[in-house]
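What shape does this take:
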Amino acid sequence: MLKPSSPVVFAFLLTLLSGCAPDDQSNESTPEAQAVLSTQGNKNTHLFLGTGSVQGVYFPIGGVICRLLNRHKSKHRIRCSLESTGGSIYNLKELREGNFDLVFAQSDWQFHAYHGSSAFEKEGVNQNLRAVFALEADPLALIVRKDSDVENFDDLADRRVSFGYTRSLQHRIMDDFLSIKKWDEEKDFAEVRPMSDAKQIIQLCEGKIESALLLSSSLNDRLRDLDENCQLRLVPITGNEVNDVIKEKPYYRKGRILKNMFPGAERDTQSFGIGATFVASESTSPKAIYHVVKEVVENFRDFKSLHPSLEALDKEELSHAGISIPLHPGAVRYYKEARLLHKN
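Numbering: from 1, shown residues only. I've put the predicted structure just below:
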């Protein structure tokens with residue numbers, strides 16, 4: 001998790017506040033851009049962002065987005081501020097009530113809020129919800145011992161494995177994957193042991209299970225104090241079944257676990273899982289959303305430097321990865337102008 005005191009964050013924020021960030025170099029002369037920019041005329045716009053815990057990733061990322069916008073507020077007349085929050089479900093409910101203009105949300109909760117399912121059944125559908133951009137993926141990390149003969153997921157058939165606690169996020173993602181494969185936990189594995197992330201690693205090292213399953217975002221915490229005698233490696237989760245589960249549940253996305261995230265890894269590992277997204281209401285100012293996307297894209301290298309989890313962020317995926325709801329009109333305008341609008 002990114003701490004507010006991170007030297008990387010402070011260095012970048014100081015750069016922005018000192019006026020050393022790149023100058024505004026966008027071309028706003030296209031007809032489409034002008035249509036967006038003229039929507040609000042000269043009216044001042046104040047964007048209020050819902051982020052996450054102060055100790056988490058999204059609060060400092062939201063702070064940087066606000067600073068990117070605020071340094072040019074005399075030009076576009078958009079001001080930005082933010083608030084720490086309880087996370088995705090809270091953010092999406094508050095966005096619906098009009099208490100935020102933009103919020104960070106996990107890609108699956110974005111889907112459920114739009115369709116009025118899962119935790120949002122009481123509120124019902126929210127077809128006013130619009131996507132702005134995708135952030136980083138949080139793919140599944142399938143881990144085996146280094147000397148294991150498991151090279152792909154199918155090699156786990158008839159083995160003793162763990163997918164985490166039964167109600168854990170990684171286990172729920174795996175349930176969807178197994179459903180696509182038409183595999184059954186009782187019939188296709190020797191045993192599936194429900195257990196905590198920490199216990200999975202311990203039992204994997206002791207040879208009591210043959211694979212563990214974590215979210216890639218938890219790798220650093222779980223492997224930090226790994227016994228040097230326990231040598232582990234990652235197994236990719238790829239293939240047609242991954243494409244099929246993403247097609248069936250479009251809040252999933254492909255992602256890479258960078259080699260520097262796993263001790264001893266020689267290459268990036270392909271997998272899939274959920275992701276983070278930035279969403280707004282359709283009524284949120286198109287001009288403001290246009291400038292939010294513009295600032296992120298045109299300062300992309302600095303934006304990615306905020307946290308290791310953003311290293312794999314791909315500019316070409318901003319408009320679609322893990323996004324299962326319509327894009328905001330202001331975002332569409334910028335993506336078209338920058339030739340970043342994904343074509344299905």
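
low-confidence ranges in the chain?
1-43, 344 (pLDDT under 70).

Quick test: name the residue nearest the centre of it.
Nearest to the mean C-alpha position of the chain, counting by Cα atoms, centre = their mean, stands A276 at 2.3 Å.

need the contact list for that residue.
A276 makes contact with V57, Y58, F104, A105, Q106, S107, A134, L135, E136, D138, G322, according to Cβ atoms under 8 Å, 6 or more residues apart in numbering. Every residue, glycine included, has its C-beta placed from N, CA and C.

Could you confirm it falls within a strand?
Yes: counting by DSSP: H, G, I helix; E, B strand; the rest coil, A276 is found in a strand.

quick revisit: R172: which of the contacts of A276 is nearest?
Q106 (12.1 Å; Cβ to Cβ).

what's the burial count for that closest one?
Using other Cβ atoms under 10 Å, the number of residues around Q106 comes to 22.

what does V279 give?
Around V279 sit 29 other residues, with neighbours defined as other Cβ under 10 Å.

ok, the host helix or strand of it: who's next to it in the sheet?
Per DSSP states H and E, V279 falls inside strand 269-281. If you go by DSSP bridges, strand 269-281 pairs up with strand 102-106 (antiparallel), strand 129-145 (antiparallel), strand 253-257 (antiparallel).

could the ones you listed be laid out in TSV, adding distance to C66?
Output for these, formatted as TSV (distance: least, Cβ to Cβ, whole Å):
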stretch	distance to C66
strand 102-106	10
strand 129-145	14
strand 253-257	26
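
wait, which of those strands is closest to K294?
Across these, closest to K294 is strand 129-145 (Cβ to Cβ), at 10.9 Å.

still on that earlier bit, buried subset of the contacts of A276?
If you count burial by 16 or more other Cβ atoms under 10 Å, the buried members of those come out as V57, Y58, F104, A105, Q106, S107, A134, L135, E136, D138, G322.

Just the strands from the stretch 1-150 of the chain, written as ranges.
In the stretch 1-150 of the chain, the strands defined using DSSP state E, counting those that start in this stretch lie at 45-50, 78-83, 102-106, 129-145.

Out of those, the one nearest A338 is which?
strand 129-145 (11.6 Å).

show me what contacts the closest residue to T51 other than its chain neighbours?
Nearest residue to T51, sequence neighbours excluded (Cβ to Cβ, 6 or more residues apart in numbering): G62, at 3.9 Å. Taking Cβ under 8 Å, 6+ apart as the criterion, G62 is in contact with L49, T51, G52, L82, F104.

can you redo the residues you listed as CSV with distance to R222?
Below are the contacts of G62 laid out as CSV (distance: Cβ to Cβ, whole Å):
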residue, distance to R222
L49, 30
T51, 25
G52, 21
L82, 30
F104, 24
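
circling back to that earlier point, dump the C-alpha coordinates for the strand holding V279 into PDB.
The C-alpha coordinates for strand 269-281 follow below in PDB (Å, rounded to 0.1, in the frame of the first residue of the first chain):
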ATOM      1  CA  THR A 269       3.800 -13.000 -15.800                       C
ATOM      2  CA  GLN A 270       0.400 -12.800 -17.600                       C
ATOM      3  CA  SER A 271      -2.800 -13.300 -15.700                       C
ATOM      4  CA  PHE A 272      -6.200 -11.700 -15.100                       C
ATOM      5  CA  GLY A 273      -8.300 -10.300 -12.400                       C
ATOM      6  CA  ILE A 274     -10.100  -7.100 -11.400                       C
ATOM      7  CA  GLY A 275      -8.800  -3.500 -11.800                       C
ATOM      8  CA  ALA A 276      -9.300   0.000 -10.500                       C
ATOM      9  CA  THR A 277     -11.400   2.500 -12.300                       C
ATOM     10  CA  PHE A 278     -12.200   6.200 -12.100                       C
ATOM     11  CA  VAL A 279     -15.900   7.000 -12.600                       C
ATOM     12  CA  ALA A 280     -18.300  10.000 -12.600                       C
ATOM     13  CA  SER A 281     -21.900  10.800 -13.100                       C
END
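
Measure how it sits relative to strand 45-50, angle-wise.
130 degrees (axes from the mean of the first three to the mean of the last three Cα atoms, to 10 degrees).

Just the C-alphas of the helix or strand that comes right after strand 269-281, formatted as PDB.
Using DSSP H and E, the helix or strand that follows strand 269-281 towards the C-terminus is helix 286-298. Taking C-alpha atoms only, helix 286-298 is exported to PDB below (Å, rounded to 0.1, in the frame of the first residue of the first chain):
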ATOM      1  CA  PRO A 286     -17.900  17.300 -19.800                       C
ATOM      2  CA  LYS A 287     -15.400  20.100 -19.900                       C
ATOM      3  CA  ALA A 288     -14.000  19.100 -16.500                       C
ATOM      4  CA  ILE A 289     -13.800  15.400 -17.400                       C
ATOM      5  CA  TYR A 290     -12.100  16.300 -20.600                       C
ATOM      6  CA  HIS A 291      -9.400  18.100 -18.700                       C
ATOM      7  CA  VAL A 292      -9.100  15.300 -16.000                       C
ATOM      8  CA  VAL A 293      -8.300  12.800 -18.700                       C
ATOM      9  CA  LYS A 294      -6.100  15.200 -20.600                       C
ATOM     10  CA  GLU A 295      -3.900  16.000 -17.600                       C
ATOM     11  CA  VAL A 296      -3.400  12.300 -16.800                       C
ATOM     12  CA  VAL A 297      -2.500  11.300 -20.400                       C
ATOM     13  CA  GLU A 298      -0.200  14.300 -21.000                       C
END
